[in-house]
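Asker: below are the sequence and a predicted model; questions follow.
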Protein chains: 4
Amino acid sequence: MFGNTFGRCFRVTTFGESHGPALGLVIDGCPAGLLLSESDIQPELDKRRPGQSELTTKRSEADRVEILSGVFEGRTTGMPIAMIVRNKDVDSSSYDAIKDLIRPGHADLGYMEKFGFRDHRGGGRSSGRETVCRVAAGAVAKKLLDMKGIRVYAHVTSIYDVIATDMGLDDVINNTYTNPVRCADLSAAKKMEEAIIAAKSEGDSLGGTVEAIALGVPAGLGAPVFGKLDADLASALMGIGAVKGVEIGLGFESARLRGSVMNDEYYLDEGVIKTRTNYAGGIVGGISSGMPVVCTVAVKPTPSVSKPQNTVNIVTKKESVIEIKGRHDPSIVPRIVPVVESMISLVLVDHMIMSGRIGPDRV
Amino acid sequence: MFGNTFGRCFRVTTFGESHGPALGLVIDGCPAGLLLSESDIQPELDKRRPGQSELTTKRSEADRVEILSGVFEGRTTGMPIAMIVRNKDVDSSSYDAIKDLIRPGHADLGYMEKFGFRDHRGGGRSSGRETVCRVAAGAVAKKLLDMKGIRVYAHVTSIYDVIATDMGLDDVINNTYTNPVRCADLSAAKKMEEAIIAAKSEGDSLGGTVEAIALGVPAGLGAPVFGKLDADLASALMGIGAVKGVEIGLGFESARLRGSVMNDEYYLDEGVIKTRTNYAGGIVGGISSGMPVVCTVAVKPTPSVSKPQNTVNIVTKKESVIEIKGRHDPSIVPRIVPVVESMISLVLVDHMIMSGRIGPDRV
Amino acid sequence: MFGNTFGRCFRVTTFGESHGPALGLVIDGCPAGLLLSESDIQPELDKRRPGQSELTTKRSEADRVEILSGVFEGRTTGMPIAMIVRNKDVDSSSYDAIKDLIRPGHADLGYMEKFGFRDHRGGGRSSGRETVCRVAAGAVAKKLLDMKGIRVYAHVTSIYDVIATDMGLDDVINNTYTNPVRCADLSAAKKMEEAIIAAKSEGDSLGGTVEAIALGVPAGLGAPVFGKLDADLASALMGIGAVKGVEIGLGFESARLRGSVMNDEYYLDEGVIKTRTNYAGGIVGGISSGMPVVCTVAVKPTPSVSKPQNTVNIVTKKESVIEIKGRHDPSIVPRIVPVVESMISLVLVDHMIMSGRIGPDRV
Amino acid sequence: MFGNTFGRCFRVTTFGESHGPALGLVIDGCPAGLLLSESDIQPELDKRRPGQSELTTKRSEADRVEILSGVFEGRTTGMPIAMIVRNKDVDSSSYDAIKDLIRPGHADLGYMEKFGFRDHRGGGRSSGRETVCRVAAGAVAKKLLDMKGIRVYAHVTSIYDVIATDMGLDDVINNTYTNPVRCADLSAAKKMEEAIIAAKSEGDSLGGTVEAIALGVPAGLGAPVFGKLDADLASALMGIGAVKGVEIGLGFESARLRGSVMNDEYYLDEGVIKTRTNYAGGIVGGISSGMPVVCTVAVKPTPSVSKPQNTVNIVTKKESVIEIKGRHDPSIVPRIVPVVESMISLVLVDHMIMSGRIGPDRV
């Protein structure tokens, strides 16, 4: 229970399995009056859609979204916005062969222990395909944030041992979606692409890191104790499949610093209180400071690899070897970029509503 | 709103300010029948109590806890358990001098933007002193977990540039609370202590890292989408003041690995499905695997340093210099150890109840 | 916000408007392993489906339900169960003429004040048509309750001035759905039907009362303070459109009694503690007693009447007269019967899960 | 679980037992900046304080409230407001004699089935004494509502067979708290008092009804589906111990009316849209209309009566006779009046915050 809804005020409930009839979501808490149509959602879905390059699964899904409720004459009504995306290119055959084998690095074992029963086809509910719903919800969140001048940008900063140069914000904004790796450093992007293709050819996969920056976040979002903005971001980001680490600002580097270095000193910039450095990543004591919010996530390599792996057959209770033949991404990192943007947008819009900066009933 | 309650089923609400009359908490959702008295809580509070070594603030608080409700004839009744700890050694004088200066690295600016008003004495609600409530709640959670064979151990793995050797579990269990740094590697502990005292003498502070291990966590806790166990842990840990990064298992190292290496392969150990490695840190796809749950947090250096720092006076709106004279820890890392244990315990007991492994009404 | 989800553990989120593309719902928190298909849902929807007699709106909707997720090989998976019902017979023409006139007895005015904007077609989100979602959710709840021997029966006890004789339980079970009024007293049913048709022919509408009985509810559901079973039932029932009063057991009659009369005395019936009377309606101090749960609701007459009524044009801000020509039920009371059963079932299944009597993860 | 917190945004958690060390509450979600001190709370507590007339229990409690947190320099800080009231006049002796006997009309049986264990002294957590916490929370809610021109008045409209004349609002405001019965009709109040004293002398108790009126409630509070204002009121009111029925507006009378009569027609009163009648009780379709909110509750007679009653000993599992000697009110109706006001105030302030009419962070 409690496992399929995200958010406190802007609440997103997702549903659907990888090989079921459809995936979908319901947003409850979107204020009335926002201009919204499928054409606002589709471009965001297209950013994570599979089958667009050699780097992604060959599953071909148009991911056409249909809005079922909550919009009237082109505007949101304040009532739940439901959307669905029908699954089209479902091929469960390769999964049937391994349905009793626990896939290393996947939720299979814990899932069986919990529910005693699972839809094994394409990972069922645990599939990365579920993120299509998060991105659809994120598209609505982004529209609301945009009205308040808040924008969220994510980009790949490393794949395996290829580390991107620290680029300026303009490059992040302009370059990220021009290459299949979603990296702002175009020369690194090329090397990352090659590394992924090489790993793929060996039946293997690669991890990486994604950084995200939110601009225009006003000071005062969050709370001092349990409703911390960074705690909510950590939950949102660690809740993306394959993410194993989350940092705010300098993150783990801050553990190796002195207070006199780590503290961002304040100054006045034409009457506005700012900090010269932003080591805190825009969040201090759980509350936004008005500086850009910066966070980084570590993404593990795709657990589905075609190389043989040792495992156990959960039915026969015998040790076995598994070779995963289903369609999957040799690196999930590039496709996580729009998901990271969406989850951060969901957290921010939730806090904007919670703090009264976006009206609960009307935009 | 929503900022002072933690948990879904085992819900902890904390209250109180650093220099107010008392701090306290209410636990709602603790099943009936658990043996409980103040003598179960006090030893845990003593682990984080200030004034025990040169490494901590000189504020002297006995932190005596009083249970006000929910216990009858030595057992919990299923009704809310309220506890309070009166503040005794309150000295607000040093704070009055700087009440209009925004302390770098503290929540002051965001707090003022949010509430327009704050109890500035000793950090008010944002004080680390609030964690006394989390540790009291954690003590109850630990008792419940103990009945199910689950134990949580945290220990300091680095302070600034002093990195502890990777010790075995026995050393973690036996050594951690024998030294003021809370480090299992006793020789590193000595160096860490010296480093902290040196920083203190310079009016500075140090960060570090804390690792935690939960043993006995059954497979099947968590959920595949938004109720992931690791997402909840990330929220709980990032929600501790001064924490800037959270890792599960290998964390950021996993971003630099290949899938064939990162995946923990399964085997049978006398009929039980286990993995030989535990790079995942006991959580795969958001659900516990039955292996030990392992996580690491990055703790920034205490933001209160006595060295002069540039800042702004929020009332006069003029730039200024601040020197913080209040009593504070030169490194918060050692005192975070019992807080980390408590927050992890709260997450685990919540999931044990959510999954029906601990009865909702009775132990 | 918070307005479209019902339940704590068994959580139902509904969406959709009367004249939009579809209505639907998501159930989160249904344990895995329950046999479920559309054929379990459809018969319940048919009980409330319009167009089945002269007593209901002429809108003709087959109300075909499609399950989109959460079911695999005929069993629930523990994941969200989404269902949709497409709207077919949409005719908004009669609503366009009165879209700026506030309909007396409807939510129009408050809705406009809240959202500033509304889908006026057929009442939009405020339409009784939304209850198709509650009944679909109720069908799942009923299946779960049935496994534990709990059954819920509702029936009409009065329409306007026609009051049914107090029938035995067998008549309630056998007769209710054999007549269009949903009354267990067949001779009263005839008179009720005539009264409704007479009112309809005058362009008017009638109110009435519905009683519900839940059998097999175990003692111990509910909580002593805010999670009272009767408080949850009151919320569920008052939350049905047109309901203006809720009673548990003797309800308002209890206000005119002495304690020595009202108290249900206990005795032993073959070792089981029971009460001879059940004036309390099976709930004492907020917790079920093991006796049948009995409640009654007052349903106001359908506010849509074709008789002319004084009102105000919200756009021109001028007084006006409205005559409502849309298709509507001359008495909503009969069609509320399955909705009452559904809402009670949702409350009971929620409490069965909350108390651990139905497993949170698996049936 | 979930049983001790009320409200969504303005959340009140209460704790404490009748004969424990203290009762108390935590309010989370009160905006910062509200002037607040114990002197705002105490007068409200005094309205429900026992021992003030022959009509109430002889237990003598000063009910002195202490604020422990969330207030600084006389203003709320936005952080949790905790308050406690120590129990003073505890006498558990009369309860020890009957601790194994299930008291008719009390929660005892269900409580034991649920928790297997209970604090039997004075009803423990199920005691009406818990309402001291609701009234304390209500006092804060009332202060917030008062700033927006909203006032809530409750008064006794009947005791047993004595029914008050329908008085004007002025009499309700001026007369209610001038007599121990809390009745606006002073001549009926006299008769009610006599009836209660007569019942008491016979070892019996009486029920009654309480009406409440909320003035100044703006149109637009509530929601069309599950967050209905009347559903929330019903939950709040049915959640008061001894309440067995709740009506909004005409309530059960509406079931005996025609739509053309029940509908409140709209007109313009100096540009403001109003209704001439207010049969709906200020709530239509779940949303406030701007007219006064009116509701009525049925209160059963106090279940504690000293007359002998048949019951069962839950330990020996034998039938027995019980005579209740503890101190209790011969009619709980008068003392419920401030509790009704408080619960309605809590619901209204919650909806005012939810709709953005009261700021979430600051007044």
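Answerer: Yep, it's here.

Asker: going forward, measure contacts between C-alpha atoms and count neighbours the same way
Answerer: OK.

Asker: residues contacting the closest residue to chain D within the stretch 101-250 of chain A?
Answerer: The minimum distance from the stretch 101-250 of chain A to chain D, using CA to the nearest CA, falls at A:Pro224 (8.8 Å). A:Pro224 is in contact with A:Gly285, A:Gly286, A:Ile287, B:Gly3, B:Ala107, B:Tyr111, B:Arg125, B:Ser126, counting by CA atoms under 8 Å, 6 or more residues apart in numbering or on different chains.

Asker: next, count neighbours for the last one.
Answerer: Translated: B:Ser126. Neighbourhood size, B:Ser126 [other CA atoms under 10 Å in any protein chain shown]: 25.

Asker: I'd say it and B:Leu109 touch.
Answerer: No. Here B:Ser126 does not reach B:Leu109: they are 11.9 Å apart, not a contact under CA atoms under 8 Å.

Asker: before we move on, the earlier item: the residue of the stretch 101-250 of chain A closest to chain D belongs to a helix?
Answerer: No. Using DSSP: H, G, I helix; E, B strand; the rest coil, the secondary structure at A:Pro224 is coil, not a helix.

Asker: distance check, it against D:Gly7.
Answerer: 21 Å (CA to CA, to the nearest Å).

Asker: A:Val246 is in contact with A:Ala234, correct?
Answerer: Yes. When contacts are counted by CA under 8 Å, A:Ala234 is listed as touching A:Val246 (6.1 Å).

Asker: now the common contact residues for the two.
Answerer: Each of B:Ala234, B:Val246 lies in contact with both A:Ala234 and A:Val246 under the rule CA under 8 Å, 6+ apart.

Asker: how many neighbours does A:Arg8 have?
Answerer: Neighbours of A:Arg8 (other CA under 10 Å): 18.

Asker: can you tell me the closest non-neighbouring residue to it?
Answerer: A:Asp350 (6.6 Å; CA to CA, 6 or more residues apart in numbering or on different chains).

Asker: who does A:Ala214 form a beta bridge with?
Answerer: For A:Ala214, the beta-bridge partners under DSSP bridges are A:Val152, A:Val293.

Asker: again, but for A:Thr13
Answerer: Assessed by DSSP bridges, A:Thr13 has beta-bridge partners A:Thr5, A:Val26.

Asker: residues contacting it?
Answerer: Taking CA under 8 Å, 6+ apart, one finds A:Asn4, A:Thr5, A:Phe6, A:Leu25, A:Val26, A:Ile27 in contact with A:Thr13.

Asker: find the nearest non-adjacent residue to the third one, please.
Answerer: Taking CA to CA, 6+ apart as the measure, A:Phe6 lies nearest to A:Val12, with 5.1 Å between them; neighbours along the chain are not counted.

Asker: how close does that neighbour sit to B:Gly74?
Answerer: Distance of A:Val12 to B:Gly74, given as CA to CA: 43 Å.

Asker: more neighbours: which of the two?
Answerer: With neighbours defined as other CA under 10 Å, A:Val12 and B:Gly74 compare such that A:Val12 has more, 25 against 13.

Asker: now whichever helix in chain A runs longest, how far from the centre of its chain.
Answerer: In chain A, taking DSSP state H as the definition, the longest helix is helix A:333-354. The chain centroid and the centroid of helix A:333-354 are separated by 7 Å under CA atoms, centre = their mean, to the nearest Å.

Asker: tell me what it is packed against?
Answerer: Where contact means 3 or more CA pairs under 8 Å, 6 or more residues apart in numbering or on different chains; DSSP states H and E, helix A:333-354 is packed against helix A:38-48, helix A:131-147, strand A:151-159, strand A:208-215, helix A:229-238.
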